[in-house]
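**Q** Have a look at this prediction, sequence included:
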Amino acid sequence: MEAEKWIKHYSSRHKILLVGEGNFSFALSLATALPRGKFLLCSEFSHSIWQCIQYGMLWMTHPTAAANLVSLKAMGCTVIHDVDARTMSTHHLLSYKKFDRIVFNFPHAGFITFENDSYQISRHQDVVRGFLKNASEMVTEGGEVHVTHKTGRPYSEWRIKELGEEARLVLSEEAKFCLSDYPGYINKRGAGNRSDESFPEGQCSTYKFVKNGYRTLFNSIYIL
């Protein structure tokens, strides 16, 4: 058996689901650090990106996603598209799977108005609420559900801990998040005419939620 390897909270023996991957650079960072890349699954919301790659077209939202996806596929990764984090537990390719880590970095509902507007905040909360509810049904006993986001205002108004409680998850740790811990990861805005630009992460945390049970480790890694 190969020696266990880690990158921060993630082990080569974990079965990991990543959702909301913008340009797939976080997935590529984990795939590079962990030795079983051929078992990785990577997903994002729109199914059209792979068609864009196949026909040599430039994906307008995240142009670098095409190169990252090519690298992931060369490493043996399987890519699933058209996965909505709010309903993923019912997806036909995911409904029967369980994961040790389920991760959503910097969730965002898209821009309708200003970030500090109560309606905009409620839209973001709906995305996180749906993700946590579905993740609670897909995480293994002893596994963890991670949400990474800024902690200052107005993002603190999202009340991520309370959203976890609604999904019957318990916050086990709020860990400081540093972009430099994940070589090659480049965060993206993800919406609007500046969607391919990075944003300063500032004060960020990874909210780690658990449910009661035992920890199960698997010999393969999936990143969705």
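**A** Looks like it arrived, so ask away.

**Q** in the chain, which strand has the most residues?
**A** Secondary structure of the chain per DSSP state E: the longest strand is strand 139-150.

**Q** Partner strands of it, with direction?
**A** strand 99-105 (parallel), strand 204-210 (antiparallel) (DSSP bridges).

**Q** Run the chain-centre distance for that strand.
**A** 10 Å (Cα atoms, centre = their mean, to the nearest Å).

**Q** returning to that earlier point: least confident of the strands paired with strand 139-150, on average?
**A** Looking at the strands paired with strand 139-150, the lowest mean pLDDT belongs to strand 99-105 (a mean of 92).

**Q** could you point out where the chain is predicted with low confidence?
**A** Scanning the chain for pLDDT under 70 picks out 1, 36-63, 188-200, 212-224.

**Q** before we move on, the earlier item: show residues contacting the longest strand of the chain.
**A** 9, 15, 98-107, 128, 131-132, 135-136, 155, 158, 160, 164, 169, 172, 177, 201-216 (Cβ atoms under 8 Å, 6 or more residues apart in numbering). To be clear about C-beta, it is placed using only N, CA and C from the backbone, and glycine gets the same treatment.

**Q** of those, buried ones?
**A** 9, 15, 98-107, 128, 131-132, 135-136, 155, 158, 160, 164, 169, 177, 204-211 (16 or more other Cβ atoms under 10 Å).

**Q** Give the next helix or strand downstream of the longest strand of the chain.
**A** Next along the chain after strand 139-150, taking DSSP states H and E as the criterion, comes helix 160-166.

**Q** what comes up buried for that next one?
**A** 160, 163-164.

**Q** export these to TSV and tack on distance to Thr148?
**A** Shown next, in TSV, are the buried residues of helix 160-166 (distance: Cβ to Cβ, whole Å):
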residue	distance to Thr148
Ile160	10
Leu163	14
Gly164	13
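
**Q** and of those residues, the nearest to Asp181?
**A** Ile160 (19.9 Å; Cβ to Cβ).

**Q** residue boundaries of the strands in this structure?
**A** 6-7, 10-11, 16-19, 41-44, 78-81, 99-105, 139-150, 170-176, 204-210.

**Q** which other helices and strands contact the third one?
**A** Okay, so that is strand 16-19. For strand 16-19, the elements it packs on are helix 25-33, strand 41-44, strand 99-105, helix 118-138, judged by 3 or more Cβ pairs under 8 Å, 6 or more residues apart in numbering; DSSP states H and E.

**Q** Thanks again, I'm all set now.
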